[in-house]
Structures are given as C-alpha cells and as structure tokens.
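> quick one, structure for this:
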Amino acid sequence: MESQPEPGRKATQAAEKRAEEAERQDAQEASEKQKAAEVERQAAQERLRAQVTEFIAKGEAYFKNHDYDRAIAACTDVISLDPQNARAYALRSWAHQLNKNQAKSLKDAQKAVALAPNFALGHAILAGAHAHTGEYDIAMRSKQGH
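Now for the predicted structure:
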C-alpha cells in the first residue's frame, strides 16, 4: 500500500476536520431548533389554558346571571379548545337543564362523568339530568357515583 504524499494527507485531514465541524454545527442548530420549538409549544399550551380559563369564567358569570344561552356558548367554546374539559361539559349540561333541554343536558353530564369519574359536580348534574327525565332510580345511583 502506497502512502499518500504529505500534502495530500494533510488536505484530507483538513477536509475531514471541516466535515466533522460542519456536522457538529448542524447537530447544534438542530438541537437549538428543537428547544425553540418546545418553548413555542409550551407557550401555545399556556395561551390555550388562559383562553380556556377565560371562557370558563365567562360561562360561570353568564350562568350566575341566568343567561344560560350565553353560558352554553361559552362552555361550547371551552370544549372546542379543550375537548377533555369535564367542567365545561358539566356546566353546559346544567345550563341545558335550566333551559329545559334534557336530552342535551343528559348527554353532556354523561360526558363530564366519563371524562372525570371522580368529579362530584359531574355526578350531581348527571343525577339532576336523570331526575328531570323521570329516571329517579338512575338519578339516585348517579348521585352516589355508581
């Protein structure tokens, strides 16, 4: 095996060093991009939580003012942002109950309890929904959390 002349070997080593440095820089840039993406994802989640909190507060305020249609709309906004929000389903269910829409009330109460089986308010509202439809036995079991 012939050895490369000294200048050729040095050129090859220099090229390898440049390639290694370029790879390190690429890896560092990729890592920085990942970190930036994670920071943005967390910021987006925080903005979403803030919106959900705002809509829940609006829904509760409308509810307290007996404006059940607007309470339903606010809770629907929450659900569109956070489909796993048991509190929004429970509040919307209660507003539907007070608007005499028992079918929707029952459906939302069942969803609230399915999402959060230990959520006492969800069980109470589900019991009320069953009672309003004349299902008193089921209402009693719902109130007991069964």
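> so for the longest helix along the chain, what's the average pLDDT?
The single longest helix within the chain, with elements called by DSSP state H, is helix 6-64. Helix 6-64 carries an average pLDDT of 82.
> for the residue nearest to the spatial centre of the chain, which non-adjacent residue is closest in space?
With distances taken as CA atoms, centre = their mean, the residue of the chain nearest its centroid is residue 82 (4.2 Å). Leaving aside its sequence neighbours, residue 82 sits nearest to residue 52 (CB to CB, 6 or more residues apart in numbering; 5.0 Å). Yep, even glycine has a C-beta here, placed from its N, CA and C like the rest.
> for the one you found, give me its contacts.
78, 81, 82, 85, 88 (CB atoms under 8 Å, 6 or more residues apart in numbering).
> and the buried ones among those, selectable in PyMOL?
Here is the PyMOL command that picks out the buried ones among the contacts of residue 52, judged by 16 or more other CB atoms under 10 Å:
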select buried, resi 78+82+85+88
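> so which pair among the contacts of residue 52 is furthest apart in space?
Taking CB to CB, the two most distant members of the contacts of residue 52 are 81 and 88; they sit 9.0 Å apart.
> what do the two both touch?
In terms of CB under 8 Å, 6+ apart, residue 81 and residue 88 are both contacted by the residues 52, 55.
> what distance do you get for the residue nearest to the centre of the chain to residue 72?
As judged by CB to CB, to the nearest Å, residue 82 and residue 72 stand 16 Å apart.
> same deal with residue 120?
Relative to residue 72, residue 120 is positioned 22 Å away (CB to CB).
> cool, residue 64 as well?
From residue 64 to residue 72 the distance is 14 Å (CB to CB).
> ok, now residue 46?
Applying CB to CB to residue 46 and residue 72 gives a distance of 26 Å.
> between these two, which one's more packed in?
residue 72 (24 against 10; other CB atoms under 10 Å).
> which helix or which strand is home to that one?
Per DSSP states H and E: residue 72 is located in helix 68-81.
> got the CA positions of that helix in PDB?
Output of helix 68-81 as PDB, limited to C-alpha atoms (Å, rounded to 0.1, in the frame of the first residue of the first chain):
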ATOM      1  CA  TYR A  68     -78.000  30.200  30.000                       C
ATOM      2  CA  ASP A  69     -77.700  30.500  26.200                       C
ATOM      3  CA  ARG A  70     -74.500  32.500  26.600                       C
ATOM      4  CA  ALA A  71     -73.300  30.100  29.300                       C
ATOM      5  CA  ILE A  72     -73.800  27.300  26.800                       C
ATOM      6  CA  ALA A  73     -72.000  29.200  24.100                       C
ATOM      7  CA  ALA A  74     -69.000  29.900  26.400                       C
ATOM      8  CA  CYS A  75     -68.800  26.300  27.500                       C
ATOM      9  CA  THR A  76     -69.000  25.200  23.900                       C
ATOM     10  CA  ASP A  77     -66.000  27.500  23.200                       C
ATOM     11  CA  VAL A  78     -64.100  25.800  26.000                       C
ATOM     12  CA  ILE A  79     -65.000  22.300  24.600                       C
ATOM     13  CA  SER A  80     -63.800  23.300  21.200                       C
ATOM     14  CA  LEU A  81     -60.400  24.300  22.700                       C
END
